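S.K.: Starting from these lines, generate the structure:
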Amino acid sequence: MQNVDVAIVMTDDDVHQEALQDWLKILSRLWTAYGKPIDPEQMVIYRDMLGSLPLGLLEKAIDQAVRDHAYNSVPIVKEVWDAVRKELDNPFDIDQAIEQWRAASWQRCVVRCPGVAAETEGS
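M.R.: Residues are numbered from 1 along each chain as shown. Prediction:
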């Protein structure tokens, strides 16, 4: 029997769903860290309020919010945004700072993996 490599092709929707699942898994740390069950309605509100954050920045902000939170409760959305501002050095324009963070993250990826970036640019 011969080993055959099979490429799995994901649609844009598949990629989006997988990325969303990763993003929500990071967000769910707010509940997990305090041993609280995830409240679906609360999760939707947090998702909507924090949805503009890229995954890596969300992860850093959640970690910071959990570290700074003093009570056995889920940190509020404002605490996560405060952690985002702290991570971004308290910018005047938070949206612009998020875009700069996103661009810098992409640039770091391109520098680390130049061959991969060149191969995917035309796609």
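
S.K.: When you work out contacts or count neighbours from here on, use the C-alpha atoms and nothing else.
M.R.: Noted.

S.K.: and Val74, how many neighbours?
M.R.: The tally of other residues near Val74 (other CA atoms under 10 Å) stands at 21.

S.K.: just the one 4 residues further on next, same as before
M.R.: A count of nearby residues for Lys78, using other CA under 10 Å, gives 12.

S.K.: what helix or strand is it on?
M.R.: Element membership for Lys78 (DSSP states H and E) is helix 77-87.

S.K.: Show me which residues of that helix are buried.
M.R.: Of all the residues in helix 77-87, those buried under the rule 16 or more other CA atoms under 10 Å are Val77, Glu79, Val80, Trp81, Ala83, Val84, Arg85.

S.K.: ditto for stretch 39-54
M.R.: Neighbour-count burial for stretch 39-54, counted by 16+ other CA under 10 Å, picks out Met43, Tyr46, Arg47, Leu50, Leu53.

S.K.: wait, what's in contact with the third one?
M.R.: For Arg47, the contacting residues are Leu24, Leu27, by CA atoms under 8 Å, 6 or more residues apart in numbering.

S.K.: Got the confidence number for it?
M.R.: At Arg47, the model reports a pLDDT of 96.

S.K.: that older thread, how far off centre is the helix holding Lys78?
M.R.: Distance of helix 77-87 from its chain centroid, counting by CA atoms, centre = their mean, to the nearest Å, is 13 Å.

S.K.: can the buried residues of helix 77-87 go into TSV with extra columns for pLDDT and distance to His16?
M.R.: Output for those, formatted as TSV (pLDDT from 0 to 100; distance: CA to CA, whole Å):
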residue	pLDDT	distance to His16
Val77	97	24
Glu79	97	27
Val80	97	23
Trp81	97	24
Ala83	97	26
Val84	97	23
Arg85	96	26
